[in-house]
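Participant: Sequence below, structure please.
(one chain, ligands or ions: 1)
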Amino acid sequence: MDRLLSLFGVISLFVLLIYRWYRKHFDFWKHHPVVPSVPGRIFGGKFSNEAAVGIYALRPALLLRDPELIKSILIRDFNCFANRYGRSDPHADPIGDKSLFFARYNSWREWRLKLSPIFTSGKMKQMYPLIQQVGENLEEYLHKRGERFVCECKQLAILFTIDSIATTVFGVATNSLENSSSQAITQQIRQLVLFNLRRALNFFVVFMAPNLNWLFRPSIFFRETVEFFKTHTTQNVEERIRNPIRRPDMIELVVKLRNEVVEKGGDIKEFMEYIVAQTVTFFSGGTETSSTTIANVLFELAKNPHIQQRLRQELLDAFSRGNSSISYEDLSELEYLSMVVDETLRMYPVFPLIERQYLNPKKEVSEGYSLRPFYDFEIPNGMPVYISVYGLHYDEKYWTDPRKFDPERFSPENKANLNPMIYLPFGGGPRNCIGARMGLIQVKTCIAYILKNHRIEICSETNLQTKFNPKAFVLQVEGGINLEIVRDELYKRSVTKLE
Ligand code: HEM
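Facilitator: Residues are numbered from 1 along each chain as shown. Now for the predicted structure:
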């Protein structure tokens, strides 16, 4: 009887604790009525003119809507919002924890500074011939596929982006387009974006409940993938030390940084762990995002043949000027190509949500962050804040007919008047996408080489209903984008005509 009573007591206490935790978290906004909060519709309707909305994301959080407020959080008061809320567990997942994406402020700042030289426009210009070579391989591959064929564009694009990142980051010229199944690297990259129940749980904990990392010990990357990159990154670096050729890739920078660590008598093992973490991050961040964007561009071009025609004319002129290739300068200045890519990223932002965590920079002070003049409310220390990039990109307040694909929104005149805080495909502020420049070059090069001698058409296998895949890591169309690629030799015919 006594045991039964004790058991009953323990269960009652447990239920009471859960109840108190629940009330504390889920009544939070009820106790702070100055900030409008859910339940209710977040987009449009009731909240359309609100600067921020109180939400619950397993705990109270804020969804930011006003561009000025977004600017304060991402840029002006970056020192208070320098960390993401999501984070990996340093013990269970040391590589994920060291990744630039998840790293906490001090380590993030050190590594962002060290790695930024790979992504400057000067460095991009030096790297461009490596990416261009991948474009030429793609051209050859398409030629071999015959006069017309149907393909799932994301699968095609990912082979291009894997080769592009492999050559620029990893210092290895792969040709996944020729040899997709046998390349060990291709298989490992596929693992990086593989979705299964374990992965879903890990990501859920990392992004939504990082406080429970100690319990679930989630890992962002599979152990086998990490081991692969550990071995091969180390080999590539050692090979470059033995054979110091000049190649404008990340390995060149790594060797330089490594020499500095050796000179200072630093910890090489730890240094290499950081490098492996960034290699895996660049592979996963750089291939999935860019290939999804390439597939989305092709989708919109197939649906809008007049836009495709105008773009192909611009590319034809550029290829003719460059005698069958496009220079870095020319690629960066192709106005219509930029407009098409920008508009695609508006309609399909690969990261539909970005987040930060408020942490008072003076560690000993737990004072909140004031939302004045918007609301008489202070964001408490530790609270996550979210920005719905998708919501901003489709907000009728800022975009007329937002569901229409219209590259004119990004013509040089219109772009000059655009508030940068309502268009955030690469995030914003010091913690924005470090690889934005490289991502754009990859997307543009791939599109240019596809359209050089091929047009893209909708076919019976194309699903025109744009439904997004709830299981994907980035925002992407469910069921894939199947399109017909038709060889019409546009560039080749133009050269023959001139001769
Ligand atoms: C079209 C291509 C790409 C898109 C749309 C994209 C988008 C983004 C976005 C939205 C973020 C979050 C920014 C924020 O929180 O403010 C991000 C972060 C990041 N991206 Fe990209 N990305 C692309 C390509 C790349 C490439 C090519 C690389 C590397 C080779 C890369 C590496 C990273 C890294 C390391 C971060 C974390 C940055 C930090 O926390 O300091 N991305 N990206």
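Participant: what residue ranges in the chain score low on pLDDT?
Facilitator: Scanning the chain with the threshold set as pLDDT under 70 gives 1, 18-19, 21-25, 39-46, 180-182, 364-365, 471, 498-499.
Participant: who in it is up against the ligand?
Facilitator: Within the chain, the positions adjacent to the ligand are 100-101, 112, 281-282, 285-286, 289-290, 293, 350-351, 354, 425-428, 431-435, 438-439, 443 by C-beta under 6 Å from any ligand atom. Any C-beta I mention is one placed from the backbone N, CA and C, and that applies to glycine too.
Participant: starting at the chain centroid, how far to the lengthiest helix in the chain?
Facilitator: Determined from DSSP state H, the single longest helix within the chain is helix 268-303. Centroid separation for helix 268-303 versus its chain: 7 Å, with C-alpha atoms, centre = their mean, to the nearest Å.
Participant: try stretch 442-460
Facilitator: The answer for stretch 442-460 is 22 Å, by C-alpha atoms, centre = their mean.
Participant: what about it, how long is it end to end?
Facilitator: 29 Å (C-alpha to C-alpha, to the nearest Å).
Participant: In it, which residues are buried?
Facilitator: When burial is assessed from 16 or more other C-beta atoms under 10 Å, stretch 442-460 yields the following buried residues: 442-457.
Participant: so how many other residues sit close to Gly322?
Facilitator: Neighbourhood size, Gly322 [other C-beta atoms under 10 Å]: 14.
Participant: Can you tell me the SS state at Leu138?
Facilitator: In the three-state summary, Leu138 is assigned as helix, counting by DSSP: H, G, I helix; E, B strand; the rest coil.
Participant: That one touches Ile447, doesn't it?
Facilitator: No. Using C-beta atoms under 8 Å, Leu138 is not in contact with Ile447; the gap is 10.3 Å.
Participant: quick revisit: now a ChimeraX select for only the buried ones of the residues of the chain next to the ligand.
Facilitator: Typed into ChimeraX, the line below selects the buried ones among those, using 16+ other C-beta under 10 Å:
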select :100,101,281,282,285,286,289,290,293,350,351,354,425,426,427,428,431,433,434,435,438,439,443
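Participant: how about the strands in the chain?
Facilitator: All strands of the chain, identified by DSSP state E, fall at 52-56, 60-64, 148-152, 353-357, 369-370, 378-379, 384-388, 454-457, 482-487.
Participant: Pick the most deeply packed of these.
Facilitator: Most buried of these, by mean neighbour count (mean count of other C-beta atoms under 10 Å): strand 60-64, with a mean of 24.
Participant: Touching it from outside, list them.
Facilitator: Residues outside strand 60-64 that contact it (C-beta atoms under 8 Å, 6 or more residues apart in numbering) are 25-26, 28-29, 35, 42, 51-55, 70, 73, 379, 383-388.
Participant: What of stretch 139-148?
Facilitator: With C-beta under 8 Å, 6+ apart as the test, stretch 139-148 has contacts from Cys151, Leu177, Glu178, Tyr449, Ile450, Lys452, Asn453, His454, Glu484, Ile485, Val486, Arg487.
Participant: How far off centre is that stretch?
Facilitator: 30 Å.
Participant: Between the two ends of it, how far is it?
Facilitator: Start and end residues of stretch 139-148 are separated by 14 Å (C-alpha to C-alpha).
Participant: Same check on stretch 71-86?
Facilitator: Stretch 71-86 has its terminal residues 21 Å apart, counting by C-alpha to C-alpha.
Participant: Buried residues in that stretch, which are they?
Facilitator: By neighbour count with 16+ other C-beta under 10 Å, stretch 71-86 contains the buried residues 71-75, 78, 80-86.
Participant: And the contacts of it?
Facilitator: Residues contacting stretch 71-86 (C-beta under 8 Å, 6+ apart): 64, 101-102, 104-105, 108-109, 206-208, 210, 355-361, 369, 384-385, 387, 421, 427-432.
Participant: for stretch 190-209, same thing?
Facilitator: Outside stretch 190-209, the residues touching it (C-beta under 8 Å, 6+ apart) are 57-58, 85-88, 96, 102, 212-213, 216, 218-222, 224-225, 280, 283-284, 287-288, 355, 471-473.
Participant: Stretch 462-474 now?
Facilitator: Residues from elsewhere that reach stretch 462-474 (C-beta under 8 Å, 6+ apart): 193, 195, 200, 203, 288-289, 292, 302-303, 350-351, 458, 475-479, 481-483.
Participant: Which members of those are classed as buried?
Facilitator: Buried members of those, scored by 16+ other C-beta under 10 Å, are 193, 288-289, 292, 302-303, 350-351, 475-477, 481-483.
Participant: export the residues you listed to TSV and tack on distance to Val169?
Facilitator: Listed next are the buried ones among the contacts of stretch 462-474 as TSV, based on distance: C-beta to C-beta, whole Å:
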residue	distance to Val169
Val193	16
Glu288	14
Thr289	14
Thr292	18
Ala302	31
Lys303	33
Val350	19
Phe351	20
Leu475	24
Gln476	22
Val477	27
Ile481	26
Asn482	30
Leu483	29
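Participant: Now the two most distant members of these.
Facilitator: The span of the buried ones among the contacts of stretch 462-474, defined through C-beta to C-beta, is set by Val193 and Lys303 at 25.6 Å.
Participant: List the contacts of Lys444.
Facilitator: Shown in contact with Lys444 (C-beta under 8 Å, 6+ apart): Leu331, Leu334, Leu337, Ser338, Val341.
Participant: Hmm, I typed the wrong one, I wanted Glu367.
Facilitator: Asn360, Glu378, Asn381.
Participant: Kindly recompute the last result at 7 Å.
Facilitator: Counting by C-beta atoms under 7 Å, 6 or more residues apart in numbering, Glu367 touches Asn360.
Participant: how near is it to Pro380?
Facilitator: Separation of Glu367 from Pro380 (C-beta to C-beta, to the nearest Å): 9 Å.
Participant: Could you give me the buried positions within stretch 187-201?
Facilitator: Residues of stretch 187-201 classed as buried by neighbour count (16+ other C-beta under 10 Å): Gln188, Ile189, Leu192, Val193, Arg199.
Participant: oh, I was asking about stretch 212-225
Facilitator: Residues Asn213, Phe216, Pro218, Ser219, Ile220, Phe221, Phe222, Thr225 are the ones in stretch 212-225 that count as buried (16+ other C-beta under 10 Å).
Participant: From the chain's centroid, how far away is it?
Facilitator: Centroid separation for stretch 212-225 versus its chain: 20 Å, with C-alpha atoms, centre = their mean.
Participant: Touching it from outside, list them.
Facilitator: Residues contacting stretch 212-225 (C-beta under 7 Å, 6+ apart): 88-89, 92-93, 95-96, 188, 191-192, 202, 205-206, 280.
Participant: Among those residues, pick out the one closest to Leu392, please.
Facilitator: Val206 (24.3 Å).
Participant: what about that closest one, how many neighbours?
Facilitator: Residues near Val206, counting by other C-beta under 10 Å, number 24.
Participant: Just give the nearest non-adjacent residue to Pro352, would you?
Facilitator: Leaving aside its chain neighbours, Pro352 sits nearest to Tyr390 (3.7 Å; criterion: C-beta to C-beta, 6 or more residues apart in numbering).
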